[in-house]
Each structure stands twice: as structure tokens, then as C-alpha cells.
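1. Need the 3D shape of this:
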Amino acid sequence: MTELQLYNTFTRSKERFSALERRQVRMYSCGPTVYGHAHLGNMRPYVFADLLRRTLLWCGYQVKHVINITDVGHLTDDADAGEDKMELAARNLDLSAWEIAEKWTQVFKDDLVKLHVLAPEIWCKATDHIEEQIDMIRTLEDKGFTYKTRDAVYFDTTRDPQYGTLARLNLDAQQTQERIEASSHKRSPADFALWKLSPGEVAKRQMEWESPWGVGFPGWHIECSAMSSKYLGVPFDIHTGGVDHIPVHHTNEIAQSENAFGVRPWVRFWMHNGWMMFDTAKMSKSAGGVVTLDDVEEMGIEPEAFRYFLLSAHYRQQISYSQDAIEGAQASLRRLRRHAADVRDSEESAGAEQVELYRGRFRDALADDLNSPQALAVAWEAVRSRELGGREKWALLVEFDRVLALGLEAAGLDVLDVDEDVKRLIEERERARAERDWARADEIRDRLLEMDIVLEDKPGGTRWRRA
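-> You can find the predicted model right below:
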């Protein structure tokens, strides 16, 4: 069997994957900050993590997956400045921070269901683990890695000679200075907050707790270290997230965790998905102009089409969202489902000896750092094969869909919709032919051919068949 090779951001190379505990994989994914509706760029890390998890399951591993919910501590600026995003959203919407968190956590989970993302074994909220975070900060304090100022308890990065290895940071570089220069209380620009102290105003924050250093709230980074280690132990196998987490969040997680727990590496594999671009800019709430899954559905696009769109690019590649791209993904998904529907109840059997060949090629694609575009290509080759019978094609599609999760096993439910689309286009082409608009008629024929629909003009009218 092909060995699973995964790209480790820490080493900048593909490495053979093996679990720390035989067939049990322990995996953590940074969860959302639940202050608003997650946009499509926010959703990419979870489709990527789901592809990874399903691949591990397909390879015979058991997977213990943990995702956190950030409901406190994520400031509007990575430089430990600005307001807590939860408190800001609560004030803007005249709701409590707790109500904001509950509302958007449920919306986020609903979106994952629509995208066929498997629920983790453990959801954990930052506000439910304040004690664990305080305990970890006290451990760092006892080891001499912290100092207190009037605004926070900070991690002293100068005490860790390995700080910044993940991101290949040059602490003297301008980019590092820029991202943390806003806080004037730090000894070193790269130092980061472990516990933020409340300013002591008349109007108190909604979310704050007593601590050995004063009333306040945890920093964004400490929550992931405390919760992942509580549920997965130390060390664990895989930590996932977006590429934007590399220079700050994950770098700081590593520093505080490895020094608190006294273990290197704290995580065996660090894996990150690439940016999603929108109008030539990274898709983010702060940049504006973002698109949510609800927006996609309102355009008549299925959520599974967005998953197909993501799988059509390698998870580490930058991917650009556009109306044409998402509509193309929907058309491709519908064609693939139509092929599946055609063979769902087939009694035709042929090419049984070829089944393992296709299965092996699919496995090889996944084993090569989750090469989902190649895995999709193998699925398409299987359904179009002249060597395989319908029964063999259906069996392969069902098996492949355990990883792709595109709803192929339910194929047939949307066949009538596809048929109606085809009929509508044929009728439009007939009108164009009647009006002697040959260019438009040819354009429609080409479009149908892209849908794997072949037209046959007969004396009694136009007939169609699937290629």
C-alpha cells in the first residue's frame, strides 16, 4: 500500500506520516471566532481538515478530532491591541457577548453540515476552559517565561531561542515590528499577551474573570494550547489551520506550549491550507465584499458545489473565487452525479479486474499530500471508462465518496433537475435554429457538450444522450 505523505509546514517538506500511537491519530483544528457569519474563505480550512480526516479514516486510522470555538480573547489586532471581537459585535448588535457566541456558533455548525464536514469528536469553547488557561500561564510564570505590565501578562519571546521557527521569522525584520508595534508595554516587539487585564473602567467587559494577576481575560493563543493539550495529550499528531495562522497564532502556540510542557516538538505535523482570493484580494471580513454560504445558496448554487470547487484545487494552493468558477463547479458536480445516477441500479458488470487499478490510483492521489484534483480526475476516468461495467463504476464512486463527500451515493435525487436544464437548452437551441441564428445554436450545442450531453438532429427532431 502506498505510504501517506503529508506536507509539514514546520519542515517545509513532504514527510511520511505515521501516528504517534499506532492507528490512532490525534488532530486539532483551530476553530472560528464566533462574532459573525463565517465567509467562504473562513470555511476552506474545515473542508481541508475534513479531507485530511476522511483520508486518514480511509487509510484505516482512527481519528480523534478536536475543534475549538473562540468566544473570547481574539482582539481586532494581532498586535494585542484593539477590542475583543466578541465584545465589539455585542455592542454593535445590542446583544450580550454570550448571545452573539451562541448564535454564530450554531450558524457555523449548520454550514459545516451543508458542506458534509464530519463533526469533531470534541467541540471546546474558550470560555469553558478559563481554569486550564490560567494553570498554563502559571506554569510559564513559574518557569520564568512571563512578565506583567499594566495592561497584560506577556510571554517573553527572548527566553525561547527557537521562537519563530515555524514561520521562519526574523525578529528584526520590519514585518514583525509592524504587526506588534501597537503595544508600547512590551519589552520586545514579538512578545504576546497571555492574559489581558481589564482597564478598570466603570463599564466592565461582559467577559472577564478573576486570576492571580488581576481581573481580565485570556489571550487568543493560550486557549488553543490549553484545550488541544487537555483533550489530545502532549505531544499530538496534527494541527491544522489557514496559512494566515503561521506567522502569529501558530508561532505563539508553539512557543508557549513547548516551554510550558517541556517537549519539542509539541505537534508532529503542522498543516495549512492556502488563501482564498476574492476580487484579487484575500477573502476576509475586514476587507469587505465577502461571500457566505447563504449567499451561494441564494444564487441557486448547492453547498456541495462549493466543496467541489475547493477539492478541484490542491489544499495548499491559492484559489480564486468567482461567479463563473462556482457555477462551473456546480455544472461539473451535476454531471458527475448524473453519471452516478446512471449506474446506481445497473446490473451490467465488466472489468472487475480493473477496479483495483482505479482504487489504487485514487489512493495514490490522496497519499500524495491529499491531491484532491487528481483524486477527482480518477473518479471521472472511472465513470467514463469503457472497460468498467455499471456495477463496478457504482461501487468505486461510493467508495471514493467516503473521502470526496459530494453526495454521490444519493445520486438520482437531482436527475430531474438536470433533465429539465437539458430540455430547456434544447428548446432554446430549436428556437435559434428556427430563427436561423446558427451561431447561438452552435453555442448551445457546445455548452451541452460540456455537460456531457450529445445532440443528435434527426428528421423527427433533436434527441440527446449522455456521452
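2. how about the strands of the stretch 101-250 of the chain, start to end?
-> For the stretch 101-250 of the chain, the strands defined by DSSP state E, counting those that start in this stretch cover 122-125, 146-148, 152-155, 192-197, 216-218, 236-242.
3. What are the neighbouring residues in contact with the residue lying closest to Arg440 once chain neighbours are set aside?
-> Using CB to CB, 6 or more residues apart in numbering and skipping residues adjacent in sequence, the residue nearest Arg440 is Ala432, 4.1 Å away. The C-beta positions use only the backbone N, C-alpha and C, and glycine is treated the same way. Ala432 makes contact with 438, 440-441, 444 under the criterion CB atoms under 8 Å, 6 or more residues apart in numbering.
4. again, only using 7 Å
-> Shown in contact with Ala432 (CB atoms under 7 Å, 6 or more residues apart in numbering): 440-441, 444.
5. now those residues in TSV, with distance to Met451, pLDDT and secondary structure?
-> Formatted as TSV, the contacts of Ala432 follow (distance: CB to CB, whole Å; pLDDT from 0 to 100; DSSP: H, G, I helix; E, B strand; the rest coil):
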residue	distance to Met451	pLDDT	secondary structure
Arg440	17	89	helix
Ala441	16	87	helix
Ile444	11	88	helix
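6. Just the buried ones from those, in PyMOL syntax?
-> Selection of buried members from the contacts of Ala432 for PyMOL, criterion 16 or more other CB atoms under 10 Å:
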select buried, resi 441+444
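7. Show me which of the contacts of Ala432 is closest to Gln323.
-> Nearest to Gln323 among those: Ile444, at 20.1 Å, using CB to CB.
8. so the closest one makes contact with Glu427?
-> No. Between Ile444 and Glu427 there is no contact under CB atoms under 7 Å: 9.8 Å.
9. Point out where the stretch 251-400 of the chain drops to low pLDDT.
-> Low-confidence segments of the stretch 251-400 of the chain (pLDDT under 70): 279-289.
10. which residues in it form helices?
-> With DSSP state H, counting those that start in this stretch as the criterion, the stretch 251-400 of the chain has helices at 251-261, 293-298, 303-311, 323-343, 352-367, 372-384, 390-404.
11. following the last one, which helix or strand comes up?
-> Following helix 390-404 in sequence order, the next helix or strand is helix 415-434 (DSSP states H and E).
12. Tell me the gap between that next one and the middle of its chain.
-> On the basis of CA atoms, centre = their mean, to the nearest Å, helix 415-434 sits 37 Å off its chain's mean C-alpha point.
13. what pLDDT, on average, does that helix get?
-> Average pLDDT, helix 415-434: 73.
14. and it with helix 323-343, angle?
-> If you take axes from the mean of the first three to the mean of the last three CA atoms, to 10 degrees, helix 415-434 sits at 110 degrees to helix 323-343.
15. export helix 415-434 as CSV, just CAs?
-> This file holds the C-alpha atoms of helix 415-434, laid out as CSV (Å, rounded to 0.1, in the frame of the first residue of the first chain):
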residue,chain,number,x,y,z
VAL,A,415,-31.6,13.9,-12.0
LEU,A,416,-34.9,15.5,-13.0
ASP,A,417,-33.4,19.0,-12.4
VAL,A,418,-30.6,18.2,-14.8
ASP,A,419,-33.0,16.8,-17.3
GLU,A,420,-35.1,19.9,-17.2
ASP,A,421,-32.0,22.0,-17.8
VAL,A,422,-31.1,20.0,-20.8
LYS,A,423,-34.6,20.2,-22.2
ARG,A,424,-34.7,24.0,-21.7
LEU,A,425,-31.4,24.4,-23.5
ILE,A,426,-32.6,22.1,-26.4
GLU,A,427,-35.8,24.1,-26.7
GLU,A,428,-33.7,27.3,-26.8
ARG,A,429,-31.5,25.8,-29.5
GLU,A,430,-34.5,24.8,-31.6
ARG,A,431,-35.8,28.4,-31.4
ALA,A,432,-32.4,29.6,-32.5
ARG,A,433,-32.3,27.2,-35.4
ALA,A,434,-35.8,28.3,-36.5
